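J.: How does the following fold in three dimensions:
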Amino acid sequence: MDDIQKHILAERALTAANRCVVGRYVGAAFAYAAGSIMRGEGTAFSDIDLVVVFPSLERAWRESFTEGGFPVEAFVHDPQTLAHYLHQDADSGYPIMANMVATGRILGSDIDSARAIQTKATEMLAAGPKPLGGPSYDMLRYQVTDLADDLRGARPPEEIAAIAALLYQKLADLILLGRGAWAGRGKWAPRVMRKLDAQLAAEFDAAFILAAAGDGARFLALADRELAVHGGRYFEGYRQNAPLEARRRE
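T.: Predicted structure coming up:
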């Protein structure tokens, strides 16, 4: 798909998104139409991410539907619920909602409010995630250690591939968050890693491809190298307390 076709696709998607706001979300103050199509990176199979903001709602929700031939993932909020999820992004290290708001094209009547929230989301992304620390950091180090240890023994290729699939996201999180970069889930993980360090991303991809084919040695070496940056393997002394309410009284 060339640039002209991508531009046409983006304009069609924007028209479909506007129809959603006007016809499906009557009373909405504004919306952000986001996703790969809007960035000029979409394909014929890409969807529209639509963040819709009402003046006030009882609760937020998300829903999926098709409009004008485009699959739409809609996230419906008011300013307070949207703020909750933007701050949740900052705490989790995955700026999913923040990216949609910061990069989305604004639709609707209350443009000033939409721009003010968009500015906050952009500033949040620029500031980066919180430094790794606390129980979530301990858990991540433990999980990478545990999965890496599973790769050490002689195993059938299909087991190595299954372990590598689980290790992929955890190791990517440790690499990215450990370097002060936002993490990404699924397809976003290799994208943000390439942006951070193209050489490291290429090494990560090559090692994972080998592991997915049954040879986990390079992926294990990469995990061990990354764990060394964080004090080495983390198994001895790891503890995770269950919630106090985690009991069932018969």
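J.: buried set for the helix of greatest length in the chain?
T.: The longest helix of the chain (DSSP state H) is helix 157-178. For helix 157-178, a neighbour-count test (16 or more other Cβ atoms under 10 Å) marks 160-161, 163-164, 167-168, 170-178 as buried. Bear in mind the C-beta positions are built from the backbone N, C-alpha and C, glycine included.
J.: for these, which one is nearest Val76?
T.: Among the buried residues of helix 157-178, Asp173 lies closest to Val76 (Cβ to Cβ), at 28.4 Å.
J.: For burial, what's the neighbour tally of the nearest residue to that closest one once chain neighbours are set aside?
T.: Leaving aside its chain neighbours, Asp173 sits nearest to Ala183 (4.8 Å; criterion: Cβ to Cβ, 6 or more residues apart in numbering). Neighbours of Ala183 under the rule other Cβ atoms under 10 Å: 21.
J.: Next up, the contacts around Gly68.
T.: 12-13, 15-16, 19 (Cβ atoms under 8 Å, 6 or more residues apart in numbering).
J.: Please repeat the previous calculation with a cut-off of 7 Å.
T.: Contacts were defined as Cβ atoms under 7 Å, 6 or more residues apart in numbering; by that measure Gly68 touches 12, 15-16, 19.
J.: Kindly indicate which of those lies nearest Gly231.
T.: Gly231 has its nearest neighbour among those in Ala16, at 50.0 Å by Cβ to Cβ.
J.: C-terminal to the helix or strand harbouring that closest one, what's the next element?
T.: In the assignment (DSSP states H and E), Ala16 maps to helix 3-19. For helix 3-19, the succeeding helix or strand toward the C-terminus, using DSSP H and E, is strand 30-34.
J.: Could you list every helix and strand that the helix holding Ala16 packs against?
T.: For helix 3-19, the helices and strands in contact under the criterion 3 or more Cβ pairs under 7 Å, 6 or more residues apart in numbering; DSSP states H and E are strand 48-53, strand 105-108.
J.: nearest to Leu210, of the ones you listed?
T.: Minimum separation from Leu210 across these (Cβ to Cβ) falls at strand 48-53, 33.4 Å.
J.: So which residues make contact with the next helix-or-strand element following that closest one?
T.: Using DSSP H and E, the helix or strand that directly follows strand 48-53 along the chain is strand 61-67. Here strand 61-67 makes contact (Cβ under 7 Å, 6+ apart) with 16, 19-20, 71-76.
J.: again, 10 Å this time
T.: Contact with strand 61-67 is made by 13, 15-20, 23-24, 47-48, 50-52, 71-77, 81, as judged by Cβ atoms under 10 Å, 6 or more residues apart in numbering.
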